[in-house]
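S.K.: Attaching a predicted model along with its sequence, questions to come.
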Amino acid sequence: MEEIVVSFILILTFFLSIFLKSSYVLVCVLLGAIMSFYLSYNHSFHLSLGKLELFSDIAISLIFFSLGLGYSMESFKKNLKKTMVSSVIDLLNLIVPFVLMYILTKQYFISFTIALMVYPSSTAIIIKILESQKKLASKLADTIIGILLFEDIVLILVLAFLQASSQQTNPITTTIISLILIVLIYIFCELVLKKHSLILERYIQEEVGVFLILGFFLLVHFICHKFILPEPLIMFASGLLFPVSISNYLKPKIEAVKNFSIGLFILDFMLKTQITKQADINYYLLILAILCSFIKIITFYFSLKISKIKHSSEDIIYFLPRGEFTVYISKISNLEYFAFFTIILSNLIVMIHLAIPKHKK
């Protein structure tokens, strides 16, 4: 029965995404929140992803792996030059919440993970909003995408450090295994893929190409889990090491799986986080979530002002949504309810602003 209900939710996600002209992630947040509150009050009904949980498990790894595919230092430097000031200002969304939380709790790890939860915006939601508003080919979009890419790089480095410090493993052993794995991937990409790229390009473009990319991804993913390695960093490096000529053909082949996985990842999180059952909620954290939304708005406003980019009030609000990364980081510190509230609040503000112009028309 659970699988049937989840199937209907997925079909409903499709129709609502089309009807609302919105990101599937935003729709999954909406449906997941509704189901979460329903499950909190109806204790006789249980719902989980069941057999589809594997897709949820690989979602974040797929994001970082996909980010690495086709990425280059040249493109990173180019984006960094364009949005350096904006990206540095955006870092205040990491620094200010950390300082505030540390003053309140005197706990470094909790303060840092909470700051990380409110720092990254949801790329999937924001890109879809820009597309629906016909602003994807604009200076505003270039700035936003540049900041999002910078956030991704910061997250890759910070999450690698956090995972290494939070897991009960020998750091020397973990580092050695990670280096060996990256070297092996490099050898495979250089001696097999790059050396025979002209031949491989021909076959990768065919439908069988998906087996190579998903098989390679899952192999690295499961090795990371087996040896408890810094997965975000290794998955990004794995995609980065692929020859650009090949990765350009491979990246589109995993997009559908990636999007499906992210949607299920969000749904799974929302379903498992039944907020009304939380009796030990620290309400100052919820106040902090509201405050962090204002910090995000203010920092982005000054970024656009300094960069002299024309914008409206709605444009600033569009950068607010939190999503997949907020969920992922919350699991490290067991603060799912804080992430739950942050995601609902930020996306609710965006949905209201998206609805107001349509109503006026």
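M.R.: Now that the structure is in, tell me what you want to look at.
S.K.: okay, the residue in the chain sticking out farthest from the centre: pLDDT?
M.R.: Here the chain reaches farthest from its C-alpha mean at residue 199, the gap being 34.2 Å by Cα atoms, centre = their mean. We note a pLDDT of 79 for residue 199 in this prediction.
S.K.: Quick one: residues in contact with the helix or strand hosting it.
M.R.: Using DSSP states H and E, the element containing residue 199 is helix 197-204. Helix 197-204 is contacted from outside by 193, 209, 212, 243, 245, 246, 249, 250, using Cβ atoms under 8 Å, 6 or more residues apart in numbering. Yep, even glycine has a C-beta here, placed from its N, CA and C like the rest.
S.K.: Among those, which lie within strands?
M.R.: Residues of the contacts of helix 197-204 located in strands (DSSP state E): none.
S.K.: and the residue nearest to residue 285 when sequence neighbours are not counted, how many residues sit next to it?
M.R.: Once flanking residues are discounted, residue 285 sits nearest to residue 338: 5.1 Å by Cβ to Cβ, 6 or more residues apart in numbering. Other residues within reach of residue 338, judged by other Cβ atoms under 10 Å, total 24.
S.K.: What of residue 328?
M.R.: 22.
S.K.: pLDDT score assigned to it?
M.R.: 90.
S.K.: need the contact list for it.
M.R.: residue 60.
S.K.: helices and strands around the helix or strand hosting residue 81, which ones?
M.R.: Assessed by DSSP H and E, residue 81 sits inside helix 73-90. Counting contacts by 3 or more Cβ pairs under 8 Å, 6 or more residues apart in numbering; DSSP states H and E, helix 73-90 packs against helix 139-166, helix 283-306.
S.K.: so which of the ones you listed gets nearest residue 4?
M.R.: For the helices and strands packed on helix 73-90, the distance to residue 4 is smallest for helix 283-306, at 34.4 Å, taking Cβ to Cβ.
S.K.: And the closest one, what's buried?
M.R.: 285, 288-289, 292-293, 295-297, 299-301, 303-304 (16 or more other Cβ atoms under 10 Å).
S.K.: And for stretch 104-122?
M.R.: So, applying 16+ other Cβ under 10 Å, buried residues of stretch 104-122: 110-122.
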